[in-house]
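Engineer: the sequence and its predicted three-dimensional model are supplied below.
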Amino acid sequence: MTVPIVIDYNFGGEKKAVPNVKDVAALAGVSTATVSRVLNNKSHVKDEVKLRVEKAMKSLKYQPNDIARSLRKLKTQTVGVLLPDVSNPHFMRLLGSLEQELSLHNYRLLIGSSHDQDEKENALLTVFLEKRVDALILATSQSDLSLKINGFFDESIPVILVDRVASEIQVDFVVEENEESTYHMVKYLLERGHKRISLINGSRHISTVLEREKGYHRAMSEMGVKVDIVYGKYDQKSGYRLTKEILTHRKERPTAIVCANNDIAIGVLLAIQNCGLSIPKDVSVVSFGEIPLQDLVEPKVTCVVQNPEKVGEVSGGILLKRVTGQGGDLPERVVLPTTFREGNSVKILG
């Protein structure tokens with residue numbers, strides 16, 4: 001690991017890296033947004049919290065960048081929105097709700113798709129910083145963002161995570177419940193006599209992948225049934241390819257397939273059809289997330305129903321509080337409930 005250093009040209013020696021806002025927040029035990037409010041003499045900061053921040057700054061010998069702070073006061077009325085795939089109906093609905101909420105306050109959106117590629121996500125984060133966005137809405141493909149968004153913290157730019165969470169950072173997030181919802185969906189299959197249940201999941205560094213896997217694993221373990229998980233990406237191609245492998249290369253195929261998201265589910269449906277099999281006669285299917293235009297498609301896939309419009313609305317509300325200095329000292333952590341919708345894609349086994 002490379003240790004950053006600062007060269008002192010007057011004396012030719014080396015000294016420790018200059019402390020930043022994140023260092024102050026960590027030492028004071030608060031969020032970077034709270035440090036920003038203390039630096040900018042904003043209200044809504046308790047005296048005790050303010051003293052902790054000031055003590056941390058003194059201990060670290062932190063010196064605010066006055067030039068950067070003055071430049072940050074020039075608002076651009078833009079919000080960076082970085083999602084995995086804006087063509088996915090789930091994220092399209094989230095984006096539409098968010099835009100509606102923020103446009104009422106004259107904010108414009110700068111939108112990017114990472115396609116769950118870390119390198120592309122990091123490049124777009126840099127672009128948003130260069131465009132001087134006033135806030136960032138992010139559905140990250142990475143489990144640890146601590147080094148990737150330091151620039152936003154240093155510039156006191158609010159960061160709100162949506163759909164997914166990340167470790168090592170204390171920021172606002174708005175997500176939907178994943179583990180318990182998946183648990184109940186798998187229990188639904190088990191209660192109908194299924195034992196060979198395959199989970200087609202996404203990449204393991206994404207938080208929703210891990211949470212949905214936990215729910216699946218818990219339901220299967222409680223019944224003493226062997227787990228069967230295959231990993232790919234949150235897309236139709238993975239769903240199609242992995243389903244073809246499961247159905248054609250195994251001596252004993254599963255009686256049911258759990259799709260970790262709606263894109264995977266579309267690929268699963270196509271693969272089952274192309275294998276000359278039918279749902280639910282030959283294999284049952286359930287999905288985390290509803291299939292687009294489900295009313296026009298047969299069979300009706302039993303699924304966990306999400307509410308991305310609500311995610312967009314709530315995250316937009318939190319963002320507006322942050323950019324106006326009205327947010328609280330601690331990050332807001334919102335977990336929205338899902339619902340379960342029974343279709344006709346599951347066969348009852350004897």
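Structural biologist: Arrived safely.
Engineer: ranges for the strands of the protein?
Structural biologist: 6-7, 14-15, 78-83, 108-113, 135-138, 159-162, 172-176, 197-201, 229-231, 256-259, 284-288, 302-305, 333-336, 339-341 (DSSP state E).
Engineer: most packed of the ones you listed?
Structural biologist: strand 256-259 (a mean of 29; mean count of other C-beta atoms under 10 Å). The C-beta positions use only the backbone N, C-alpha and C, and glycine is treated the same way.
Engineer: pull up the pairing partners for that one, direction included.
Structural biologist: strand 197-201 (parallel), strand 284-288 (parallel) (DSSP bridges).
Engineer: turn these into CSV, columns for distance to Thr248 and mean pLDDT.
Structural biologist: Shown next, in CSV, are the strands paired with strand 256-259 (distance: least, C-beta to C-beta, whole Å; pLDDT from 0 to 100):
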stretch, distance to Thr248, mean pLDDT
strand 197-201, 13, 98
strand 284-288, 17, 98
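Engineer: JSON lines for those, including distance to Gly215?
Structural biologist: What follows is the strands paired with strand 256-259, written out as JSON lines (distance: least, C-beta to C-beta, whole Å):
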{"stretch": "strand 197-201", "distance to Gly215": "10"}
{"stretch": "strand 284-288", "distance to Gly215": "9"}
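Engineer: now for those strands, which one comes closest to Leu95?
Structural biologist: strand 284-288 (19.7 Å; C-beta to C-beta).
Engineer: who touches the closest one?
Structural biologist: For strand 284-288, contacts defined as C-beta atoms under 8 Å, 6 or more residues apart in numbering pick out 178, 181-182, 185, 188-189, 192, 194, 212, 255-262, 264-265, 268-269, 272, 279, 301-304, 306, 345-347.
Engineer: measure Leu210 to Ser143 for me?
Structural biologist: According to C-beta to C-beta, to the nearest Å, Leu210 stands 8 Å off from Ser143.
Engineer: same question, Glu290
Structural biologist: 27 Å.
Engineer: over to Ser167?
Structural biologist: Here Ser167 is placed at a distance of 6 Å from Ser143 (C-beta to C-beta).
Engineer: what's the answer for Arg52, then?
Structural biologist: Computed as C-beta to C-beta, the Arg52 to Ser143 distance reads 29 Å.
Engineer: mind listing the helices for the stretch 51-200 of the chain?
Structural biologist: For the stretch 51-200 of the chain, the helices defined by DSSP state H, counting those that start in this stretch occupy 66-72, 89-103, 118-130, 150-154, 179-191.
Engineer: just the buried residues of the third one, please?
Structural biologist: For helix 118-130, burial by neighbour count (16 or more other C-beta atoms under 10 Å) applies to 121-122, 124-125, 128-129.
Engineer: what does the shortest one give?
Structural biologist: Residues of helix 150-154 classed as buried by neighbour count (16+ other C-beta under 10 Å): 150, 152-154.
Engineer: could I get those as CSV with pLDDT?
Structural biologist: Compiled in CSV, these are given as follows (pLDDT from 0 to 100):
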residue, pLDDT
Asn150, 82
Phe152, 88
Phe153, 84
Asp154, 81
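Engineer: just give me the closest of these to Ser114.
Structural biologist: When the buried residues of helix 150-154 are compared against Ser114 (criterion: C-beta to C-beta), the nearest one is Phe152, at 15.8 Å.
Engineer: ok, now which ones touch the closest one?
Structural biologist: Contacts for Phe152 (C-beta under 8 Å, 6+ apart) come out as 125, 129, 136, 159.
Engineer: which one of Glu290 and Ser143 has more residues nearby?
Structural biologist: Between Glu290 and Ser143, counted using other C-beta atoms under 10 Å, the more crowded position is Glu290 (20 against 17).
Engineer: now the more buried one: how far from Lys195?
Structural biologist: Between Glu290 and Lys195 the computed distance is 26 Å (C-beta to C-beta).
Engineer: do I have it right that Tyr234 meets Asn262?
Structural biologist: No - if you go by C-beta atoms under 8 Å, Tyr234 and Asn262 don't touch, sitting 9.2 Å apart.
Engineer: hmm, back to that, mark which of the contacts of strand 284-288 are buried, thanks.
Structural biologist: 178, 181-182, 185, 188-189, 194, 212, 255-262, 264-265, 268-269, 272, 279, 301-304, 306, 345-347.
Engineer: quick one: contacts for Phe340?
Structural biologist: Phe340 sits in contact with 181, 184-185, 188, 303-305, where contact means C-beta under 8 Å, 6+ apart.
Engineer: mind doing that once more with 7 Å?
Structural biologist: 184-185, 304 (C-beta atoms under 7 Å, 6 or more residues apart in numbering).
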